[in-house]
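# next come a sequence and a model predicted from it.
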Amino acid sequence: MNNFRGLTLLQFLCFTLAFGAISRFHHLRDVAVEHFDEGVYASNLFIGPPDFRYPFQELYAPPLLPSLLEWTLILTGSSDTSVIRVNVLFGILLLMAIGWTANELLRRDERKTPATPSVPSGLSFGAIAAMLLALTSEILIQYSRTALTDIPLTFFLALAVGAGTRGLRQNDWRWVIAAGVFTALAWWTKYNGWLPLAILGAGIAGWFVLGTRNWKQTQPALVKWFVITTLAILLWLPCLNGLQATGGYAAVATNHAGYVVGPSGWFDSIQRHLQVDRFYSGWLTASGFLFAFTLPLGWGVKTSDGQPLPWDNIRAMIVLGLGTVLAGLCWWGGALPVLLLLTVTAVVLTLLSPRSKETRFTLGHWILIAWILGLLFATPMYRPYPRLILPLLVGLSIGAGCGVEQILRRVIGTTSSATPPEECRSQRIWRGGVAVGIVVTLAILPHFFTPVALESRLQFKEIAALASAAIRQDLVENPRVSRQEGQALVAVYGEPGLFFHLARDPQKLVIQPIGTTAPLISSTGVSDVPTYLITGPHAWDAAQELENLPERIRLVASFDYAPSPLVLLDSMTPSECAAYPPVKIQVWTRSQ
C-alpha cells in the first residue's frame, strides 16, 4: 500500500505551478515599473532612432530581456503590467528548474548504484524540499514581480547547471549541447551569465582532486566541459560584437569595475546581504521550512536512493517539531543562515555515511559544493545589491533540500515494506493538515498579512499621471506659441522608470530621457515648443541648480515620492530604509 498514496510528478508540478502563480501574481495590478534598471530595460519601445534603446542600456545588461519586454509591450498594446508578467512567468518556471536541477545534482551515480525503484513523484525528497523552500521565498517572489534581469538569469543558470551535470554524468551529448545553449542564454541576459561554466568547471576540479583522483574517469568530463564552454562562447559572440559600436566589452567592464568592493569590502557586503535577507524572511519564507519537512512525508515520497519514508506517528511529530524550530530560526535570524546550516548538515551527515570515500560525494555533489562555496566567496566582492544573492540563494536551497532529506532519513529511516493500514489514517490526517496549511499560507493569509514582497509599488506610475496632468494644465493656464496646440517637450532627467510611464501615454507630449538641464537653461537653440524638465532623486543636483535660477526657471508642480524597499535596499540597510523620508519629483519649465 506504499504506492497508492504516492504524489505523482504531474500532481506535484501542478501544485507548485498553482501556488507559485498565486503567490507571484497576487494583486499584480498593484505593481509597476519603479526601479532605475527596470525603466532602462522596459523602455526600448519608446526610444526613437538611431539607437531604439534607452541611453547606455548596453552598460546595464545584454539585449535579451529588453528585447523580450519590447515585444511584450508591442503584443499587449503597451500594458504596463505586461513587462512585470514576463518575470512572473520566469519566476514560476524557476521553481521547476530548481526541482529538476536539484534532482540531477543530488542523484547518485547510476554506474555505482544498483537499479532503484522508481520515485512516485519523479523527484527526490531533497528536490521537493528545495522547490518548497524556493516556492515561499519572499526575496524570490519580490524579484519575480519586477522587470529586472536577475530572475531570468537565475532560471537559465539553474537549467545550465542541471543540463551540464546530466551531460557530464551520462554519455548523452544532447545534454552537453543544452548546457551550452542555456549558458549562452544566461550570458545574453546578464553579463555574469558565464557563471555555469565556472560552477561546472570548479565542480569537476573538486571531484578529481578530492574525490576520484582518477584521470581516466575525469578526462571525458573535462572534454564535455570544454565543449559546453566553446558552444556558449560561440553563441554569445553576436552579443559581444554588438557592443563594438559603443566601446566594446571594455566599456562594460570599466562600468562594472566601479561596483567591485573587493576583499576589503567583503565583510561589510555580507553583513548587508544578511540584513536584507532578514528583512525578507517573514512568515511566508519561514513557512517553507515547515512545509519542506512535512509535505513529502505524508505523500509516500522517496529519497534520492529510491527508498520510501515509512510512516510513524511519533517520528512524524519529531519531524513537525524540527520543521517548526527551523521556521522559527528563519523568522528570527533570516533564511540564509538556516539554509547554510542545513547544507552543512548535509555535508557532515554524508561524511558520516558508511559509503566509501569515492562514492560519498558524486560529481553532482561537487558541482553543488562549487556553486555554493564559489558564490559565498564571490558575491560579497560586489556592491551589496540584494538581487545579486539570488543565484547563491538557489544553490543553498538545493543544498538545504539535501540536508532535509539526510535528516529525515535518520529520524524516520527508510523501508521497502508496505505501510500498515491502521497508520494510513494518520497519514491521511497529516496530508490533509499540510494541504490546508499550504492553501491558507499561500492563498489566504497574504490578503490579511501582506508580506513585504507583495506590497504595492504603484507610486511612480501615479506620479507620472499627476505630472502629465500638471503639464497639460500648465499649457492651458500659460498658453505659449506651439506648432500644435497642447504639444510640449517633456525631458525626464535620470529617472527611467518615470520616463517609461510617461512615454506609454504621451498625449501629444514628446517624452525624452536626458542627463542634462540644458533644454531649460540653455540660451541657444530654444525651440518654439514649450519645454518641461522632470527631476527626481537621481537628479538632486540638477534640481538644486534649477532652484537657483528663479528669474529664468519656474516650478510647475512637486510631488512627494516614497521609494519602495526594492529601490531603497540597493543603497541602505532595512533600518535606514524604514526611516527614509519622501523625496521630491519636480516639474520645471521656463519662466515667461
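Right, received. Where do you want to start? Numbers count the residues shown, from 1 in each chain.

# any stretches of this structure with poor pLDDT?
Along the chain, the model assigns pLDDT under 70 to residues 1-9, 108-122, 298-312, 355-359, 413-428, 431, 480-486, 522-528, 592.

# other SSEs contacting the helix ranked longest in it?
In the chain, ranked by residue count with DSSP state H as the criterion, the top helix is helix 215-242. On a contact count with 3 or more CB pairs under 8 Å, 6 or more residues apart in numbering; DSSP states H and E, helix 215-242 meets helix 150-169, helix 173-189, helix 195-207. Where you see a C-beta, it was placed from the backbone N, CA and C, and this is true even at glycine.

# just want the angle from it to helix 195-207.
Counting by axes from the mean of the first three to the mean of the last three CA atoms, to 10 degrees, helix 215-242 points 160 degrees away from the direction of helix 195-207.

# quick one: helix 215-242 to chain centroid distance?
Here helix 215-242 is found 25 Å from its chain centre; the criterion is CA atoms, centre = their mean, to the nearest Å.

# do the same with stretch 19-26
Relative to the mean C-alpha coordinate of its chain, stretch 19-26 is positioned 15 Å out (CA atoms, centre = their mean).

# other residues contacting it?
For stretch 19-26, the surrounding residues in contact (CB atoms under 8 Å, 6 or more residues apart in numbering) are 88, 91-92, 95, 135-136, 141, 144-145, 284, 438, 442-443, 446, 454.

# filter these to the buried ones?
Buried residues within those, defined by neighbour count using 16 or more other CB atoms under 10 Å: 88, 91-92, 95, 135-136, 141, 144-145, 284, 438, 442, 446, 454.

# mind listing residues that contact the strand or helix carrying residue 346?
Secondary structure from DSSP states H and E places residue 346 in helix 335-351. Residues lying outside helix 335-351 but in contact with it, judged by CB under 8 Å, 6+ apart, are 133, 137, 139, 273-274, 277, 280-281, 285-286, 288-289, 326, 329-330, 360-361, 365, 369, 372, 389, 393, 396-397, 399-400, 402-407, 410.

# mind doing that once more with 7 Å?
Contacts of helix 335-351 with the rest of the structure, by CB atoms under 7 Å, 6 or more residues apart in numbering, involve 137, 274, 277, 281, 285, 289, 326, 329-330, 360-361, 372, 396-397, 399-400, 402-404, 406-407, 410.

# so how far is the first residue of stretch 162-177 from its last?
12 Å (CA to CA, to the nearest Å).

# in that stretch, what counts as buried?
Of the residues in stretch 162-177, those with enough neighbours to count as buried (16+ other CB under 10 Å) are 162-169, 175-176.

# closest one of those to residue 568?
Taking CB to CB as the measure, residue 162 is the one of the buried residues of stretch 162-177 closest to residue 568, at 34.6 Å.

# so what's that closest one up against?
By CB under 7 Å, 6+ apart, the contact list for residue 162 reads 97, 100-101, 104.

# quick check: next helix or strand after the host helix or strand of residue 465?
When secondary structure is defined using DSSP H and E, the element that contains residue 465 is helix 459-477. The helix or strand immediately downstream of helix 459-477 is strand 488-493, counting by DSSP H and E.

# pull the CA atoms of the helix or strand that that following strand is followed by into CSV?
Scanning forward in sequence from strand 488-493, with DSSP H and E defining helices and strands, the next element found is helix 496-504. Listed in CSV are the C-alpha atoms of helix 496-504, where the atom choice follows Å, rounded to 0.1, in the frame of the first residue of the first chain:
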residue,chain,number,x,y,z
PRO,A,496,14.0,55.8,-16.5
GLY,A,497,11.0,54.4,-14.5
LEU,A,498,9.2,57.7,-14.7
PHE,A,499,10.1,58.1,-18.4
PHE,A,500,8.6,54.6,-19.1
HIS,A,501,5.2,55.6,-17.6
LEU,A,502,5.1,59.0,-19.3
ALA,A,503,6.1,57.6,-22.6
ARG,A,504,3.4,54.9,-22.6
